[in-house]
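Asks: build me a structure from this.
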Amino acid sequence: MIGIDGRDSEQIARTAAKRWVVPMALAVGAAGLCSSGLAPAQQEAQPGVPSQVSDATAGGAPAPPGEPAGAASKVESAMKKAQADVERGLTPDYTIEFGDTDDWLQFTTGEWLRGHLRWVRAKGLEAGANVKFYSKQLYDETFGLSFVESIHCPNIMTYGFKGNISVSGKGMVTTNQVIIETEQGVKTYPRSELVSIVDGAPRERTWWSTQLSLGFSANAGNTNQGSVNTQWNLLRFDGRTAAYIGYNGSVGYADNAVNVNRHLVDFSVDLFLWPGRFYVIPIIGQLLYDEFQNYKLRAAPAAGGGVHVFQKAKQRRKHTNKFEWDIESALGYQFTRFLSSATGVSNPQNDGFVMLRTYWKLKFVNRDVEIEIDWRTILVYTTFGNTNHNGTAKDFEPSFLFLRTRDPLPRADGTVPEKNDYQLVVSLALSLG
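Replies: Below is the predicted model:
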(Lines give C-alpha, C1' and ligand atoms only; values in the text may rest on other atoms or scores of the structure.)
Protein backbone atom coordinates (compact mmCIF):
# COMPACT_ATOMS: atom_id res chain seq x y z
CA MET A 1 0.00 0.00 0.00
CA ILE A 2 1.42 3.31 -0.98
CA GLY A 3 1.18 6.74 -0.31
CA ILE A 4 -0.38 8.40 2.66
CA ASP A 5 0.88 10.90 4.55
CA GLY A 6 0.46 9.38 5.10
CA ARG A 7 -1.58 3.82 4.49
CA ASP A 8 -1.43 9.63 7.41
CA SER A 9 -1.21 8.67 7.14
CA GLU A 10 -0.14 8.55 4.79
CA GLN A 11 -1.38 9.34 5.10
CA ILE A 12 -1.71 7.05 7.01
CA ALA A 13 -2.81 6.47 4.13
CA ARG A 14 -0.54 6.16 1.85
CA THR A 15 -2.09 8.64 3.65
CA ALA A 16 -1.64 6.49 3.85
CA ALA A 17 -3.47 7.94 3.08
CA LYS A 18 -2.12 9.79 0.49
CA ARG A 19 -3.58 9.38 -3.05
CA TRP A 20 -7.09 10.72 -3.78
CA VAL A 21 -8.08 13.40 -6.26
CA VAL A 22 -11.37 14.91 -7.57
CA PRO A 23 -12.59 17.51 -10.19
CA MET A 24 -11.78 21.21 -9.86
CA ALA A 25 -13.31 22.43 -6.58
CA LEU A 26 -12.69 24.32 -3.37
CA ALA A 27 -13.35 22.28 -0.24
CA VAL A 28 -13.63 23.27 3.37
CA GLY A 29 -11.62 21.55 6.08
CA ALA A 30 -9.48 21.75 9.17
CA ALA A 31 -6.71 19.77 10.83
CA GLY A 32 -5.27 19.85 14.34
CA LEU A 33 -1.85 18.87 15.61
CA CYS A 34 0.05 19.01 18.89
CA SER A 35 3.39 20.68 19.72
CA SER A 36 7.03 20.20 20.74
CA GLY A 37 10.61 21.19 19.70
CA LEU A 38 14.01 20.47 18.13
CA ALA A 39 17.44 19.97 19.69
CA PRO A 40 20.14 19.45 17.04
CA ALA A 41 23.85 19.03 17.60
CA GLN A 42 26.51 20.87 15.56
CA GLN A 43 27.46 17.95 13.38
CA GLU A 44 27.50 17.32 9.67
CA ALA A 45 24.00 16.70 8.35
CA GLN A 46 23.11 13.27 6.98
CA PRO A 47 20.28 12.21 4.66
CA GLY A 48 17.07 11.53 6.54
CA VAL A 49 17.97 13.87 9.42
CA PRO A 50 16.31 17.30 9.81
CA SER A 51 18.47 20.16 8.59
CA GLN A 52 17.22 22.81 11.06
CA VAL A 53 19.88 23.08 13.79
CA SER A 54 20.57 25.22 16.83
CA ASP A 55 23.59 25.75 19.07
CA ALA A 56 24.75 22.73 21.03
CA THR A 57 25.26 23.00 24.74
CA ALA A 58 28.67 22.78 26.30
CA GLY A 59 27.91 19.28 27.52
CA GLY A 60 27.38 17.98 24.01
CA ALA A 61 23.65 17.24 24.47
CA PRO A 62 21.89 20.03 22.54
CA ALA A 63 18.88 21.90 23.87
CA PRO A 64 15.89 22.92 21.73
CA PRO A 65 15.15 26.63 21.26
CA GLY A 66 13.00 27.94 24.10
CA GLU A 67 13.65 24.88 26.29
CA PRO A 68 15.92 24.54 29.35
CA ALA A 69 19.49 23.84 28.30
CA GLY A 70 19.56 20.63 30.32
CA ALA A 71 16.43 19.03 28.82
CA ALA A 72 18.21 16.95 26.19
CA SER A 73 21.05 16.19 28.62
CA LYS A 74 18.58 14.77 31.15
CA VAL A 75 17.06 12.51 28.50
CA GLU A 76 20.49 11.35 27.35
CA SER A 77 21.56 10.63 30.95
CA ALA A 78 18.34 8.75 31.71
CA MET A 79 18.77 6.51 28.68
CA LYS A 80 22.41 5.76 29.52
CA LYS A 81 21.41 4.92 33.10
CA ALA A 82 18.61 2.58 31.99
CA GLN A 83 20.93 0.76 29.61
CA ALA A 84 23.58 0.41 32.32
CA ASP A 85 20.97 -0.90 34.78
CA VAL A 86 19.88 -3.55 32.28
CA GLU A 87 23.45 -4.67 31.75
CA ARG A 88 23.94 -5.01 35.54
CA GLY A 89 20.68 -6.90 35.97
CA LEU A 90 17.25 -5.66 37.04
CA THR A 91 15.43 -6.25 40.31
CA PRO A 92 11.73 -7.31 40.19
CA ASP A 93 10.57 -3.88 41.40
CA TYR A 94 12.79 -1.87 39.04
CA THR A 95 11.20 1.11 37.26
CA ILE A 96 12.63 3.23 34.45
CA GLU A 97 13.57 6.81 35.33
CA PHE A 98 12.72 8.92 32.29
CA GLY A 99 14.47 12.20 31.60
CA ASP A 100 11.39 14.10 30.40
CA THR A 101 7.63 13.75 29.93
CA ASP A 102 7.91 14.20 26.13
CA ASP A 103 9.07 11.80 23.43
CA TRP A 104 12.57 12.33 22.00
CA LEU A 105 14.50 11.03 19.00
CA GLN A 106 18.29 10.98 18.87
CA PHE A 107 19.76 10.74 15.38
CA THR A 108 23.02 9.10 14.41
CA THR A 109 24.45 12.61 13.93
CA GLY A 110 23.86 13.36 17.62
CA GLU A 111 20.91 15.69 16.94
CA TRP A 112 17.90 15.48 19.27
CA LEU A 113 14.26 16.05 18.34
CA ARG A 114 11.56 16.64 20.95
CA GLY A 115 7.87 15.99 20.32
CA HIS A 116 5.48 13.09 19.89
CA LEU A 117 6.23 9.72 18.29
CA ARG A 118 3.43 8.82 15.88
CA TRP A 119 4.66 5.38 14.87
CA VAL A 120 7.53 3.13 13.88
CA ARG A 121 7.02 0.40 11.32
CA ALA A 122 8.98 -1.84 9.01
CA LYS A 123 7.75 -0.11 5.87
CA GLY A 124 5.58 2.95 6.07
CA LEU A 125 2.50 3.86 4.09
CA GLU A 126 4.80 6.58 2.87
CA ALA A 127 7.66 5.06 0.92
CA GLY A 128 10.53 4.13 3.18
CA ALA A 129 9.23 6.11 6.13
CA ASN A 130 10.06 3.92 9.12
CA VAL A 131 9.54 6.58 11.80
CA LYS A 132 6.86 9.29 11.91
CA PHE A 133 7.39 12.03 14.51
CA TYR A 134 5.65 15.31 15.30
CA SER A 135 7.60 18.30 16.57
CA LYS A 136 6.90 22.03 16.85
CA GLN A 137 9.44 23.02 14.21
CA LEU A 138 9.13 20.13 11.72
CA TYR A 139 5.46 19.26 12.31
CA ASP A 140 4.74 15.72 11.07
CA GLU A 141 7.97 14.41 9.53
CA THR A 142 9.18 10.94 8.58
CA PHE A 143 12.67 9.47 8.90
CA GLY A 144 14.47 6.26 8.05
CA LEU A 145 14.89 4.12 11.18
CA SER A 146 18.53 3.56 10.27
CA PHE A 147 19.16 7.26 10.99
CA VAL A 148 17.65 7.04 14.49
CA GLU A 149 20.13 6.22 17.26
CA SER A 150 17.65 6.06 20.14
CA ILE A 151 14.02 6.76 21.09
CA HIS A 152 12.72 8.03 24.45
CA CYS A 153 9.00 7.24 25.04
CA PRO A 154 7.73 8.03 28.57
CA ASN A 155 4.12 7.48 27.48
CA ILE A 156 2.38 4.17 26.85
CA MET A 157 3.05 2.72 23.41
CA THR A 158 2.52 -0.72 21.90
CA TYR A 159 5.71 -2.40 20.67
CA GLY A 160 5.57 -5.18 18.10
CA PHE A 161 8.34 -7.77 17.73
CA LYS A 162 9.08 -10.71 15.49
CA GLY A 163 7.16 -13.84 16.40
CA ASN A 164 3.86 -11.96 16.71
CA ILE A 165 4.83 -10.51 20.12
CA SER A 166 3.11 -7.31 21.33
CA VAL A 167 4.10 -5.46 24.50
CA SER A 168 2.51 -2.27 25.88
CA GLY A 169 4.20 0.18 28.23
CA LYS A 170 6.61 3.07 28.60
CA GLY A 171 9.93 2.45 26.94
CA MET A 172 13.28 3.35 25.47
CA VAL A 173 14.91 2.16 22.26
CA THR A 174 18.70 2.19 22.48
CA THR A 175 21.35 1.25 19.95
CA ASN A 176 20.81 -2.47 20.50
CA GLN A 177 17.95 -2.90 22.98
CA VAL A 178 14.28 -2.09 23.58
CA ILE A 179 13.53 -1.53 27.28
CA ILE A 180 9.82 -1.48 28.22
CA GLU A 181 8.20 -0.86 31.59
CA THR A 182 4.97 -2.89 31.71
CA GLU A 183 2.43 -3.67 34.44
CA GLN A 184 4.25 -6.97 34.95
CA GLY A 185 7.67 -5.34 35.27
CA VAL A 186 10.46 -4.20 32.97
CA LYS A 187 11.09 -6.31 29.87
CA THR A 188 13.94 -6.11 27.37
CA TYR A 189 14.16 -7.21 23.74
CA PRO A 190 16.85 -6.96 21.06
CA ARG A 191 16.35 -3.92 18.83
CA SER A 192 16.90 -6.17 15.82
CA GLU A 193 13.61 -7.93 16.73
CA LEU A 194 11.58 -4.68 16.73
CA VAL A 195 8.93 -4.55 14.00
CA SER A 196 6.68 -1.64 14.99
CA ILE A 197 5.64 0.93 17.59
CA VAL A 198 2.14 2.41 17.65
CA ASP A 199 0.71 5.09 19.91
CA GLY A 200 -1.13 4.04 23.06
CA ALA A 201 -2.25 0.75 24.52
CA PRO A 202 -3.54 -1.90 22.08
CA ARG A 203 -7.06 -0.51 21.82
CA GLU A 204 -8.89 -0.89 18.55
CA ARG A 205 -9.85 2.78 18.20
CA THR A 206 -6.20 3.92 18.38
CA TRP A 207 -5.46 2.07 15.13
CA TRP A 208 -7.99 3.93 12.96
CA SER A 209 -7.73 7.23 11.09
CA THR A 210 -9.85 8.87 8.40
CA GLN A 211 -9.89 11.85 6.06
CA LEU A 212 -12.84 13.57 4.38
CA SER A 213 -12.86 16.24 1.67
CA LEU A 214 -15.97 17.83 0.17
CA GLY A 215 -16.07 20.30 -2.70
CA PHE A 216 -18.47 22.20 -4.91
CA SER A 217 -17.96 24.53 -7.85
CA ALA A 218 -20.54 26.33 -9.98
CA ASN A 219 -20.93 28.88 -12.76
CA ALA A 220 -24.15 30.71 -13.68
CA GLY A 221 -25.08 33.24 -16.34
CA ASN A 222 -23.80 32.71 -19.87
CA THR A 223 -22.50 29.34 -18.71
CA ASN A 224 -24.49 27.13 -16.33
CA GLN A 225 -22.35 24.34 -14.98
CA GLY A 226 -21.07 22.95 -11.72
CA SER A 227 -19.74 19.90 -9.93
CA VAL A 228 -19.92 18.21 -6.55
CA ASN A 229 -17.08 16.00 -5.45
CA THR A 230 -16.30 13.90 -2.40
CA GLN A 231 -13.20 12.04 -1.37
CA TRP A 232 -12.93 9.96 1.78
CA ASN A 233 -10.51 7.35 3.06
CA LEU A 234 -10.28 5.12 6.11
CA LEU A 235 -7.09 3.50 7.37
CA ARG A 236 -6.47 0.86 10.02
CA PHE A 237 -2.86 0.24 11.02
CA ASP A 238 -1.89 -1.97 13.97
CA GLY A 239 1.85 -2.27 13.39
CA ARG A 240 1.78 -5.46 11.30
CA THR A 241 -1.14 -4.88 8.96
CA ALA A 242 -2.44 -1.83 7.13
CA ALA A 243 -5.99 -1.92 5.74
CA TYR A 244 -7.17 0.93 3.51
CA ILE A 245 -10.39 1.87 1.74
CA GLY A 246 -11.03 5.09 -0.12
CA TYR A 247 -13.84 6.65 -2.12
CA ASN A 248 -13.64 9.28 -4.86
CA GLY A 249 -16.98 10.48 -6.24
CA SER A 250 -17.77 13.24 -8.74
CA VAL A 251 -21.05 14.46 -10.21
CA GLY A 252 -21.14 17.40 -12.63
CA TYR A 253 -23.69 19.19 -14.76
CA ALA A 254 -23.81 21.65 -17.66
CA ASP A 255 -26.96 23.42 -18.90
CA ASN A 256 -29.07 21.37 -16.47
CA ALA A 257 -27.80 18.06 -17.84
CA VAL A 258 -25.48 15.67 -16.01
CA ASN A 259 -22.12 15.39 -17.79
CA VAL A 260 -19.95 13.79 -15.07
CA ASN A 261 -20.98 10.82 -12.94
CA ARG A 262 -18.03 8.84 -11.64
CA HIS A 263 -17.55 6.80 -8.45
CA LEU A 264 -14.25 5.06 -7.69
CA VAL A 265 -13.41 2.88 -4.69
CA ASP A 266 -9.86 1.76 -3.84
CA PHE A 267 -9.03 -0.88 -1.25
CA SER A 268 -5.95 -2.77 -0.08
CA VAL A 269 -4.42 -4.74 2.78
CA ASP A 270 -0.65 -4.76 3.39
CA LEU A 271 1.17 -7.24 5.64
CA PHE A 272 4.54 -6.21 7.11
CA LEU A 273 5.70 -9.72 8.00
CA TRP A 274 9.37 -8.90 8.38
CA PRO A 275 11.61 -5.83 8.58
CA GLY A 276 13.15 -4.66 5.33
CA ARG A 277 12.12 -3.63 1.86
CA PHE A 278 9.47 -6.24 1.02
CA TYR A 279 5.82 -6.56 2.05
CA VAL A 280 2.87 -8.77 1.08
CA ILE A 281 -0.41 -7.53 -0.43
CA PRO A 282 -3.08 -10.24 0.06
CA ILE A 283 -5.77 -8.05 -1.49
CA ILE A 284 -5.75 -4.85 -3.52
CA GLY A 285 -8.25 -3.57 -6.03
CA GLN A 286 -10.68 -1.04 -7.43
CA LEU A 287 -14.42 -0.72 -8.06
CA LEU A 288 -15.51 1.79 -10.71
CA TYR A 289 -18.84 3.15 -11.89
CA ASP A 290 -18.61 5.74 -14.68
CA GLU A 291 -21.70 6.65 -16.66
CA PHE A 292 -19.80 8.44 -19.40
CA GLN A 293 -17.10 5.78 -19.71
CA ASN A 294 -20.00 3.30 -20.09
CA TYR A 295 -19.04 1.30 -16.98
CA LYS A 296 -21.85 -0.01 -14.80
CA LEU A 297 -19.23 -1.90 -12.80
CA ARG A 298 -15.54 -2.56 -13.30
CA ALA A 299 -14.17 -4.66 -10.45
CA ALA A 300 -10.47 -5.52 -10.35
CA PRO A 301 -9.35 -7.45 -7.23
CA ALA A 302 -5.75 -8.74 -7.11
CA ALA A 303 -3.04 -10.10 -4.80
CA GLY A 304 0.70 -9.58 -4.92
CA GLY A 305 3.56 -7.84 -3.18
CA GLY A 306 5.55 -4.64 -2.98
CA VAL A 307 9.07 -3.38 -2.48
CA HIS A 308 10.42 -0.13 -1.12
CA VAL A 309 13.08 0.70 -3.71
CA PHE A 310 14.85 3.52 -1.91
CA GLN A 311 14.68 6.78 -0.01
CA LYS A 312 17.26 9.31 -1.13
CA ALA A 313 18.02 12.65 0.48
CA LYS A 314 20.30 15.49 -0.57
CA GLN A 315 21.26 18.21 1.86
CA ARG A 316 20.87 21.80 0.66
CA ARG A 317 21.86 24.97 2.46
CA LYS A 318 18.54 25.47 4.26
CA HIS A 319 16.59 22.31 3.56
CA THR A 320 16.82 18.66 2.55
CA ASN A 321 15.53 17.36 -0.80
CA LYS A 322 14.00 13.88 -0.53
CA PHE A 323 12.99 11.29 -3.11
CA GLU A 324 11.10 8.12 -2.16
CA TRP A 325 9.99 5.29 -4.43
CA ASP A 326 7.82 2.17 -4.07
CA ILE A 327 6.87 -0.49 -6.64
CA GLU A 328 4.00 -3.01 -6.41
CA SER A 329 2.84 -5.85 -8.66
CA ALA A 330 -0.12 -8.22 -8.46
CA LEU A 331 -2.13 -10.78 -10.43
CA GLY A 332 -5.88 -10.34 -10.56
CA TYR A 333 -9.28 -10.83 -12.14
CA GLN A 334 -11.28 -8.07 -13.85
CA PHE A 335 -15.06 -8.17 -14.16
CA THR A 336 -16.58 -5.56 -16.48
CA ARG A 337 -20.28 -4.88 -16.99
CA PHE A 338 -21.20 -2.09 -19.40
CA LEU A 339 -24.24 0.17 -19.14
CA SER A 340 -24.94 -0.61 -22.79
CA SER A 341 -23.13 -2.55 -25.50
CA ALA A 342 -23.19 -2.80 -29.27
CA THR A 343 -24.38 -5.91 -31.05
CA GLY A 344 -21.77 -8.64 -30.91
CA VAL A 345 -19.94 -7.21 -27.89
CA SER A 346 -19.88 -9.51 -24.86
CA ASN A 347 -21.48 -8.00 -21.77
CA PRO A 348 -20.31 -8.69 -19.10
CA GLN A 349 -16.65 -9.53 -19.70
CA ASN A 350 -14.25 -11.55 -17.54
CA ASP A 351 -10.49 -11.09 -17.83
CA GLY A 352 -7.19 -11.76 -16.13
CA PHE A 353 -4.67 -9.00 -15.58
CA VAL A 354 -1.30 -8.02 -14.17
CA MET A 355 -1.22 -4.87 -12.03
CA LEU A 356 1.89 -2.70 -12.09
CA ARG A 357 1.97 0.19 -9.65
CA THR A 358 4.57 2.77 -8.71
CA TYR A 359 4.61 5.56 -6.15
CA TRP A 360 6.97 8.53 -5.93
CA LYS A 361 7.15 11.19 -3.27
CA LEU A 362 9.38 14.23 -3.69
CA LYS A 363 10.10 17.02 -1.22
CA PHE A 364 12.02 20.06 -2.40
CA VAL A 365 12.59 23.79 -1.69
CA ASN A 366 11.41 23.26 1.90
CA ARG A 367 9.30 20.86 3.92
CA ASP A 368 6.10 22.61 2.79
CA VAL A 369 6.63 21.87 -0.93
CA GLU A 370 6.17 18.28 -2.02
CA ILE A 371 4.51 16.23 -4.73
CA GLU A 372 3.16 12.68 -4.69
CA ILE A 373 2.74 10.64 -7.88
CA ASP A 374 0.81 7.36 -7.86
CA TRP A 375 0.50 5.44 -11.15
CA ARG A 376 -1.34 2.14 -11.68
CA THR A 377 -1.57 0.08 -14.87
CA ILE A 378 -4.02 -2.83 -15.18
CA LEU A 379 -2.51 -4.88 -18.03
CA VAL A 380 -5.36 -7.13 -19.22
CA TYR A 381 -3.67 -10.03 -21.01
CA THR A 382 -6.90 -11.84 -22.01
CA THR A 383 -8.48 -8.80 -23.73
CA PHE A 384 -5.70 -6.31 -24.33
CA GLY A 385 -8.10 -3.53 -25.30
CA ASN A 386 -9.50 -3.54 -21.74
CA THR A 387 -6.10 -2.50 -20.36
CA ASN A 388 -6.55 0.62 -18.26
CA HIS A 389 -4.42 3.13 -16.38
CA ASN A 390 -5.01 5.62 -13.62
CA GLY A 391 -2.68 8.00 -11.90
CA THR A 392 -2.64 10.83 -9.43
CA ALA A 393 -0.28 13.74 -8.90
CA LYS A 394 -0.91 15.90 -5.88
CA ASP A 395 0.29 18.24 -3.19
CA PHE A 396 -1.72 19.29 -0.12
CA GLU A 397 -4.03 21.55 -2.11
CA PRO A 398 -3.91 20.86 -5.87
CA SER A 399 -4.52 17.31 -7.14
CA PHE A 400 -4.69 15.77 -10.61
CA LEU A 401 -6.37 12.51 -11.68
CA PHE A 402 -5.90 10.67 -14.98
CA LEU A 403 -7.99 7.67 -16.13
CA ARG A 404 -7.41 5.84 -19.43
CA THR A 405 -8.94 2.83 -21.18
CA ARG A 406 -6.87 1.56 -24.10
CA ASP A 407 -9.76 0.66 -26.45
CA PRO A 408 -13.22 1.72 -25.15
CA LEU A 409 -16.03 -0.46 -26.45
CA PRO A 410 -18.95 1.20 -28.29
CA ARG A 411 -22.29 1.86 -26.61
CA ALA A 412 -25.56 0.43 -27.89
CA ASP A 413 -26.14 3.61 -29.93
CA GLY A 414 -22.77 3.21 -31.67
CA THR A 415 -20.98 6.07 -29.92
CA VAL A 416 -17.58 5.36 -28.38
CA PRO A 417 -16.43 6.85 -25.05
CA GLU A 418 -13.27 8.93 -24.97
CA LYS A 419 -10.13 7.03 -23.98
CA ASN A 420 -8.93 9.56 -21.43
CA ASP A 421 -10.54 11.39 -18.51
CA TYR A 422 -8.88 14.14 -16.48
CA GLN A 423 -9.73 15.79 -13.18
CA LEU A 424 -8.16 18.67 -11.24
CA VAL A 425 -8.96 19.74 -7.68
CA VAL A 426 -7.88 22.43 -5.26
CA SER A 427 -9.06 21.54 -1.78
CA LEU A 428 -8.51 21.31 1.94
CA ALA A 429 -9.40 18.27 4.00
CA LEU A 430 -10.54 17.24 7.46
CA SER A 431 -8.35 14.57 9.06
CA LEU A 432 -9.26 12.55 12.15
CA GLY A 433 -6.96 10.13 13.93
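Asks: so where do the strands sit in the stretch 251-400 of the chain?
Replies: Assigned by DSSP state E, counting those that start in this stretch, the strands in the stretch 251-400 of the chain fall at 257-271, 278-290, 295-299, 302-315, 320-338, 349-363, 370-380, 388-394, 398-405.
Asks: quick one: least confident helix or strand in this structure?
Replies: In the chain, no helix or strand scores lower on mean pLDDT, DSSP states H and E than strand 26-27, which sits at a mean of 34.
Asks: switch the strands of the stretch 251-400 of the chain over to JSON lines; also include distance to Tyr189, mean pLDDT and mean neighbour count.
Replies: The way it works is simple: take the backbone N, C-alpha and C, and place the C-beta from them, glycine included. Below are those laid out as JSON lines (distance: least, Cβ to Cβ, whole Å; pLDDT from 0 to 100; neighbours: other Cβ atoms under 10 Å):
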{"stretch": "strand 257-271", "distance to Tyr189": "21", "mean pLDDT": "93", "mean neighbour count": "18"}
{"stretch": "strand 278-290", "distance to Tyr189": "22", "mean pLDDT": "94", "mean neighbour count": "19"}
{"stretch": "strand 295-299", "distance to Tyr189": "43", "mean pLDDT": "95", "mean neighbour count": "18"}
{"stretch": "strand 302-315", "distance to Tyr189": "24", "mean pLDDT": "80", "mean neighbour count": "17"}
{"stretch": "strand 320-338", "distance to Tyr189": "28", "mean pLDDT": "88", "mean neighbour count": "19"}
{"stretch": "strand 349-363", "distance to Tyr189": "31", "mean pLDDT": "89", "mean neighbour count": "19"}
{"stretch": "strand 370-380", "distance to Tyr189": "34", "mean pLDDT": "85", "mean neighbour count": "19"}
{"stretch": "strand 388-394", "distance to Tyr189": "39", "mean pLDDT": "77", "mean neighbour count": "20"}
{"stretch": "strand 398-405", "distance to Tyr189": "42", "mean pLDDT": "70", "mean neighbour count": "19"}
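Asks: all the helices of the stretch 51-200 of the chain, residue numbers only.
Replies: Counting by DSSP state H, counting those that start in this stretch, the stretch 51-200 of the chain has these helices, from start to end: 71-88.
Asks: can you pull the poorly scored residue ranges out of it?
Replies: Within the stretch 51-200 of the chain, the stretches with pLDDT under 70 are 51-69, 122-129.
Asks: does Phe143 really touch Val120, like I thought?
Replies: No: contact status for Phe143 versus Val120: not in contact, 9.8 Å apart, counting by Cβ atoms under 8 Å.
Asks: which residues are common contacts for those two?
Replies: Asn130, Val131 (Cβ atoms under 8 Å, 6 or more residues apart in numbering).
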